[in-house]
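**Q** after the sequence you'll find the predicted model.
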Amino acid sequence: MIELRKITDENFEECIGLDLTQAQWQYLANNAYSLSEAYALQNDGNKIPMPYVIYHNDVMVGFTMAVYRPIDQNDPGDDENNFYISRLMIDQRYQGNGYGKQALVKFIEIMKTLPYGEADSIILSCAKENTIAYRLYESLGFVDTGEIDEDGDCYMRLNLKP
């Protein structure tokens with residue numbers, strides 16, 4: 001059974017030690033960077049980080065993080081509250097078991113409860129060359145928006161409102 005748990009003093013070092021295959025590192029920042037980013041965002045006061053470790057039967061198998069992004073009143077182009085999934089990784093030892101999909105389904109369920117306020121969508125970016133991840137996101141209803149981020153990855157969107 002897949003479970004998402006908050007990062008704590010007891011589990012953050014194990015989270016930092018989770019690893020990907022050599023080929024996968026080109027698509028994702030390491031977990032130490034991600035946790036540092038979450039800390040910085042938390043202190044920023046505008047965006048709310050949501051980092052979680054992924055467990056399967058009490059064994060840590062991965063890490064995921066999203067950021068709740070309310071409308072920035074100082075940005076005229078910002079017109080919606082949303083969640084941005086910035087990380088989803090399953091340790092190389094546990095890949096191929098469906099844990100990523102199960103974890104993402106649970107994470108989407110959490111975001112749909114709107115824990116930090118209203119949101120119109122869940123956004124993420126993904127390299128099309130990362131076909132396993134791209135297909136996973138599509139299978140859960142994410143749609144390629146046609147927009148490209150600064151790294152050349154495509155933005156994908158899952159609407160939370162009809």
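**A** Arrived safely.
**Q** continuing past the longest strand along the chain, what's the next helix or strand?
**A** If you go by DSSP state E, the chain has its longest strand at strand 59-69. Using DSSP states H and E, the helix or strand that follows strand 59-69 towards the C-terminus is strand 82-90.
**Q** show me what the very next helix or strand once past that next one is packed against.
**A** Helices and strands here follow DSSP H and E; after strand 82-90, the next one along the chain is helix 99-112. Other elements packing on helix 99-112 under the criterion 3 or more CB pairs under 8 Å, 6 or more residues apart in numbering; DSSP states H and E are strand 2-6, strand 48-56, strand 59-69, strand 82-90, helix 131-139. Heads up, the C-betas are built off the backbone N, CA and C, glycines and all.
**Q** adding mean pLDDT, write the ones you listed out as JSON lines.
**A** JSON lines is the format used below for the helices and strands packed on helix 99-112 (pLDDT from 0 to 100):
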{"stretch": "strand 2-6", "mean pLDDT": "97"}
{"stretch": "strand 48-56", "mean pLDDT": "97"}
{"stretch": "strand 59-69", "mean pLDDT": "97"}
{"stretch": "strand 82-90", "mean pLDDT": "96"}
{"stretch": "helix 131-139", "mean pLDDT": "94"}
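**Q** could the ones you listed be laid out in CSV, adding distance to Glu150?
**A** Compiled in CSV, those are given as follows (distance: least, CB to CB, whole Å):
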stretch, distance to Glu150
strand 2-6, 29
strand 48-56, 20
strand 59-69, 16
strand 82-90, 14
helix 131-139, 18
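**Q** can you add mean neighbour count and distance to Pro162 and give those back as CSV?
**A** Formatted as CSV, those follow (neighbours: other CB atoms under 10 Å; distance: least, CB to CB, whole Å):
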stretch, mean neighbour count, distance to Pro162
strand 2-6, 15, 26
strand 48-56, 21, 24
strand 59-69, 21, 21
strand 82-90, 23, 16
helix 131-139, 15, 20
